[in-house]
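*Asks:* Just the structure for this:
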Amino acid sequence: MDRIKHQSTKIIATVGPACSSYEVLLELAKAGVDLFRLNFSHGTHQDHEETVNRITYINEKYNFHIGILADLQGPKLRVGEIENNALEIKKGQILTFTNEKCVGTLEKIYMSYEQFAKDVNVGETVLIDDGKLMLEVVETDKKSIVKLKVLFGGTLSSRKGVNLPSTKISLPSLTEKDKKDLDFILTLPKVNWIALSFVRSPKDMKDLEKIVRASGHEAKLMAKIEKPEAIEKLDKIIKASNAIMVARGDLGIEVPIEKLPILQKLIIKKCIQRARPVVVATHMLDSMIKQPIPTRAEITDVANAVLDGADAVMLSGETSVGMHPVKVVEAMNNIIEEAEMHYILRDRPTPSKKSRTFLSDAICFNSAKVAEDVKATAILGMTSSGYTAFKVSSFRPKCNIFIFSDEVNMLSTLNLVWGVQCFYYDKFTTTDETIEDVTNILVQNGNLKKGDIVVNTGSMPLGKRHRTNMLKVSVVE
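*Replies:* Numbers count the residues shown, from 1 in each chain. As a prediction, this is how the structure comes out:
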């Protein structure tokens, strides 16, 4: 069964009630979804396991390599239950927040974060319900009670999220709920990526890595950038992660919203320079939760993410709870295809002589350069670790990137990476025989034809599984 092929930028779709059935997941796979996201803010472990089993079955039955991303919830701060689920608060009012459970009224409102009074300081801003309500801390007893002045009022309803853009919160990125969810995720070998929410430092990623590696699981780790502290330590977080997500929902609340477009471009540029896949997420085609077509602004937003060089664009509520999940993917596909006709990476990465992989980096860089010089149809690579795919992709060559591996899970992992198309191959013999073999596979599949110029990368001798150390140009016969 053929999938609708979009261009190099990948599509991530969040699974939820609107698309969790086998039939809709298959439609989404055929429409061009490259990774499915499991959002651990919602759903039971049984729900997620059933979804993983369905995706795995689709991959095996139709020879797809669709990846699976498990997204941990992270520290969510919320107010408690509100009386009659609606409390009108007005500018100038003084509200009292407490860490003792109660039904919220103008007298007292429960705040789920136990350390709230200890962490906040007078003058700091508190945002509620995605920034619709704005308050300022006027007093804290540093134990349990905080008094706040309403700067912008409105209707406060139960369990609305709270953001503290100017507060250094002491809550760890990996919460007790996350640890339980992670224990479950690590029983699912088909999960390719694990995303950590509200990352604030490289230590957050290193702590997660220790747990994942100790379990023997091979999932790669993604840091979600949605806190001001993460921007301050961006370079180190990128280095400590396998991929990055520009999580614009909370990031757009935690930092001045006008800074968001430039931050998106900055994060993408830094990720490309370090060969880390980067995902742009949140509100990409939000209107299509209800409407059958996107707004002009949304179309421009998706196209700009493509033109910025993002590896992937992500759909959240559009597919998880929306009325038109398949139409959303088809629309995104069309936008990507059009935008990529005009995409040029103007500032390609260059190999760093300080890198311990400098020689291999240089081979990957020059594979893209040579491919451009000789007008190659494709770059072919073999990998078990994914290194070749990550590196070659980061140079954004103007040709196909075909990657072969004998690690089935790696094929799905690499489905996140810009431009990479993956194939299973486990007959690694001599270098010449392997190159001839994989070329024939691509010819038989219709990916290559006689007379095409291809650039081959790999390691010699193949059996040693060294990093990339070979580059060869050949013509398909």
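
*Asks:* What residues does the residue of the chain most remote from its centre make contact with?
*Replies:* Ranked by distance from the centre of the chain (Cα atoms, centre = their mean), the top residue is Glu107, with 41.3 Å. Residues near Glu107 by Cβ atoms under 8 Å, 6 or more residues apart in numbering: Thr96. For glycine as for every other residue, the C-beta is placed from the backbone atoms N, C-alpha and C.

*Asks:* for it, phi and psi?
*Replies:* phi -80, psi -40 (degrees, to the nearest 10).

*Asks:* Tell me the spacing between it and Lys147.
*Replies:* To Lys147, Glu107 is 12 Å away according to Cβ to Cβ, to the nearest Å.

*Asks:* With Ala223 instead?
*Replies:* For Ala223 relative to Lys147 (Cβ to Cβ), the value is 35 Å.

*Asks:* ok, those two, which is more surrounded?
*Replies:* Ala223 (29 against 17; other Cβ atoms under 10 Å).

*Asks:* The host helix or strand of that one pairs with which strands, and in what direction?
*Replies:* Assessed by DSSP states H and E, Ala223 sits inside strand 220-225. Under the criterion DSSP bridges, strand 220-225 sits next to strand 193-196 (parallel), strand 243-247 (parallel) in its sheet.

*Asks:* what angle sits between the helix or strand that the first one is followed by and strand 220-225?
*Replies:* Spelled out, that is strand 193-196. Using DSSP H and E, the next helix or strand after strand 193-196 towards the C-terminus is helix 202-215. Per axes from the mean of the first three to the mean of the last three Cα atoms, to 10 degrees, the angle that helix 202-215 makes with strand 220-225 is 160 degrees.

*Asks:* Number of residues surrounding the nearest residue to Leu416 once chain neighbours are set aside?
*Replies:* What sits nearest to Leu416 in space, not counting adjacent residues and going by Cβ to Cβ, 6 or more residues apart in numbering, is Pro277, at 5.1 Å. Pro277 has 28 neighbours, counted by other Cβ under 10 Å.

*Asks:* show me what contacts Pro277?
*Replies:* With Cβ under 8 Å, 6+ apart, Pro277 has these contacts: 242-244, 271, 311-312, 390, 393, 416-418.

*Asks:* Of these - the most surrounded one?
*Replies:* With neighbours taken as other Cβ under 10 Å, the top of the contacts of Pro277 is Asp311, carrying 29 neighbours.

*Asks:* I figured that residue was touching Asn415, is that so?
*Replies:* No: if you go by Cβ atoms under 8 Å, Asp311 and Asn415 don't touch, sitting 10.4 Å apart.

*Asks:* Now for these two: what residues contact both?
*Replies:* Joint contacts of Asp311 and Asn415 (Cβ under 8 Å, 6+ apart) are Lys10.

*Asks:* any chance you could map the helices in the stretch 351-477 of the chain?
*Replies:* 358-373, 387-394, 408-413, 431-444 (DSSP state H, counting those that start in this stretch).

*Asks:* Let's see the shortest one as CSV, backbone CA atoms only.
*Replies:* In other words, helix 408-413. What follows is helix 408-413, C-alpha atoms only, in CSV (Å, rounded to 0.1, in the frame of the first residue of the first chain):
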residue,chain,number,x,y,z
VAL,A,408,14.2,-2.1,12.6
ASN,A,409,13.5,0.3,15.5
MET,A,410,16.2,2.7,14.1
LEU,A,411,14.3,3.0,10.8
SER,A,412,11.2,4.3,12.7
THR,A,413,13.4,6.5,14.9
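
*Asks:* and the lengthiest helix in the chain, which residues are buried?
*Replies:* Looking across the chain with DSSP state H, the single longest helix is helix 45-62. For helix 45-62, a neighbour-count test (16 or more other Cβ atoms under 10 Å) marks 48, 51-52, 54-56, 58-59 as buried.

*Asks:* Adding distance to Ala378 and pLDDT, write these out as a markdown table.
*Replies:* Below are the buried residues of helix 45-62 laid out as a markdown table (distance: Cβ to Cβ, whole Å; pLDDT from 0 to 100):
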| residue | distance to Ala378 | pLDDT |
| --- | --- | --- |
| His48 | 36 | 98 |
| Thr51 | 33 | 98 |
| Val52 | 32 | 98 |
| Arg54 | 32 | 98 |
| Ile55 | 27 | 98 |
| Thr56 | 28 | 98 |
| Ile58 | 26 | 97 |
| Asn59 | 23 | 97 |
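
*Asks:* now, which of the residues you listed sits nearest Ala29?
*Replies:* Taking Cβ to Cβ as the measure, Ala29 sits nearest to Ile58 out of the buried residues of helix 45-62, at 5.5 Å.

*Asks:* what's the neighbour count on Asn304?
*Replies:* Going by other Cβ under 10 Å, the residues that sit close to Asn304 add up to 15.

*Asks:* and what of Glu27?
*Replies:* Considering only other Cβ under 10 Å, Glu27 is surrounded by 16 other residues.

*Asks:* doesn't His324 make contact with it?
*Replies:* No: in this structure Glu27 lies outside contact range of His324 using Cβ under 8 Å: 11.4 Å.

*Asks:* Identify the residues contacting the lowest-mean-pLDDT helix or strand in the chain?
*Replies:* The least trusted helix or strand in the chain, going by mean pLDDT, DSSP states H and E, turns out to be helix 431-444, with a mean of 90. The contact list for helix 431-444, computed with Cβ under 8 Å, 6+ apart, reads 378, 380, 382, 402, 404, 423, 425, 427-428, 448-450, 454, 456, 458, 460-462, 470, 472, 474, 476.

*Asks:* do stretch 82-97 as well
*Replies:* Residues outside stretch 82-97 that contact it (Cβ under 8 Å, 6+ apart) are 79, 103-111, 116-117, 133, 135, 138, 145-158.

*Asks:* End to end on it, go ahead and measure it.
*Replies:* End-to-end distance for stretch 82-97, by Cα to Cα, to the nearest Å: 12 Å.

*Asks:* list the buried ones in it?
*Replies:* 82, 87, 89, 95, 97.

*Asks:* didn't Asp301 look like it was pressed against Ser287?
*Replies:* No: using Cβ under 8 Å, Asp301 is not in contact with Ser287; the gap is 11.1 Å.

*Asks:* quick one, which of the two is more surrounded?
*Replies:* Asp301 (21 against 15).
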